[in-house]
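A.B. asks: Got a sequence here, can you model it:
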Amino acid sequence: MVAILADRTYRHLFLAQVVALLGTGLATVALGLLAYDLAGDGAAMVLGTVFTIKMVAYVGIAPIAGAFADRVNRRVLLVTLDVIRAGAALCLPFVSEVWQVYVLIFVLQSASAAFTPTFQATIPDVLPEEDRYTRALSLSRLAYDLENIVSPTLAALLLAVMSYNTLFLGTVAGFAASALLVVSVLLPSPKPSEPRGIYDRTTRGIRIYLATPRLRGLLALNLAASSAGAMVLVNTVVMVRGTLALPQSALAWTMFAFGAGSMLTALILPRILDRVPDRPVMLAGAGLMVVTLLGLAAIMSASGLAWQSLLAAWLLVGLGYSAVLTPSGRLLRRSSHPEDRPAVFAAQFALSHACWLVTYPLSGWVMTQFGAVAALVVLAALASAGVAAGLRLWPKHDPEVLEHTHDNLPLDHPHLKGHRRHAHPFVVDDNHPRWALHL
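C.D. replies: Numbers count the residues shown, from 1 in each chain. Next comes the predicted model:
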């Protein structure tokens, strides 16, 4: 898996992702503590609102950015967005009101909404081979897990000698280093897609996504992942600092457990995916999250919350979480042409975060109104709905090459080559506007 780092362009992009996520992880810990300082036991509601604002930015900005990502220089775009994110993070240590946090988070996350799908769509162009791209996805998942492992560990060490506001400066440094690493390489740009109207360009990725059965199943599994993830990200600070009355460093170690589970899955997943299709792996991961949330709720109802139980549960949730999210890039790559890839990745970014837009505020509200057991049960039920929908929407038999008949094109159309019925790797596009054996 590490061998793909021999590619200089990918190596620099991977390092840019690592340093940016390290900084983001520091900000996640600092935001939790800032929310607790500003709102006390209402911190879950504040964090739920912060994450909701983040999701609104992601859902609203990502499709627009994806529509124009193939029309601008990728390197200039990515560096500009890193600079904007660094500027917003630099202001966070100076806030004194909750509304100021909300404004700065919206600016920072709007830039991330344009940055992340553009960055993700670049990787399959840098590493076009399936096996190398699969390993890049696992490395990318490992980089995301640094946000939950190395960042909290570093945060715990820094919090022993300085205030949490200083952690935001680490976020600034991460975005600045990311910009420098992106500047250091030349990035491939896909062939621009056909000229289209603004509405067509903005909605194209979502239309392709929703017309593809495996991607509809992916969206359902994203709901399961966001349900479990929202329980971890929104409510851990209240469970650790409030219910258990543990010190600030315990919050970092609890998040470490979630990240450790996710990283363990990412390490072993490439070999598993060489032998097992994506669908059963992702469904198993989603099922593990549901069982774990319900198990923790049962333990808390019987004997109350213990830190050891919470650590074990978050480790298992991390295992399932990574099993759902890591293979998703393979599905997106398999389901789109290179010129449509930025728009499809942006659609995944927006639609998956629309799930978070539901689960973040729901998680904070149920926790605040009814407590941790109710939050665990409600979010487990929502995740179960996602698993059931995934089973139904994503067919068990899902070949990449699909035999089909064209009734929508004249026989002399170049795509047909004189044969209405043919077979090839099937993706939704102008010649294949819907997923069907007869078009």
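A.B. asks: Within the helices and strands, which one has residue 403?
C.D. replies: strand 401-405 (DSSP states H and E).
A.B. asks: same deal with residue 384?
C.D. replies: Counting by DSSP H and E, residue 384 is part of helix 372-393.
A.B. asks: And that helix, how far out from the chain middle?
C.D. replies: Offset of helix 372-393 from its chain centre (Cα atoms, centre = their mean, to the nearest Å): 18 Å.
A.B. asks: Pull out the buried positions in that helix.
C.D. replies: Residues 372-373, 375-380, 382-384, 386-387, 389-391, 393 are the ones in helix 372-393 that count as buried (16 or more other Cβ atoms under 10 Å). From N, CA and C alone the C-beta is placed, and that goes for glycine too.
A.B. asks: now swap in stretch 96-114 and tell me
C.D. replies: 98, 101, 104-114.
A.B. asks: Could you do stretch 22-38 as well?
C.D. replies: 22-36, 38.
A.B. asks: and which of the residues you listed is nearest residue 364?
C.D. replies: residue 35 (10.3 Å; Cβ to Cβ).
A.B. asks: ok but residue 433 is inside a helix, no?
C.D. replies: No - under DSSP: H, G, I helix; E, B strand; the rest coil, residue 433 falls outside any helix and is assigned coil.
A.B. asks: which stretches of the stretch 51-200 of the chain have low pLDDT?
C.D. replies: 66-71, 145-153, 189-200 (pLDDT under 70).
A.B. asks: Would you mind confirming that residue 278 makes contact with residue 330?
C.D. replies: Yes - between residue 278 and residue 330 there is a contact under Cβ atoms under 8 Å: 6.1 Å.
A.B. asks: Settle it for me: which of those two has more neighbours?
C.D. replies: Under the criterion of other Cβ atoms under 10 Å, the comparison of residue 278 against residue 330 puts residue 278 first, with 21 against 17.
A.B. asks: Might you report the residue contacts of the more buried one?
C.D. replies: 327, 330, 331 (Cβ atoms under 8 Å, 6 or more residues apart in numbering).
A.B. asks: Helix or strand next in line after the longest helix seen in the chain, which one?
C.D. replies: As assigned by DSSP state H, the longest helix anywhere in the chain is helix 8-39. Per DSSP H and E, the first helix or strand lying C-terminal to helix 8-39 is helix 43-68.
A.B. asks: that older thread, who does the strand holding residue 403 touch, helix- and strand-wise?
C.D. replies: Contacts defined by 3 or more Cβ pairs under 8 Å, 6 or more residues apart in numbering; DSSP states H and E place strand 401-405 against strand 421-425.
A.B. asks: Tell me which stretches of the stretch 201-350 of the chain form strands.
C.D. replies: For the stretch 201-350 of the chain, no strands are identified by DSSP state E, counting those that start in this stretch.
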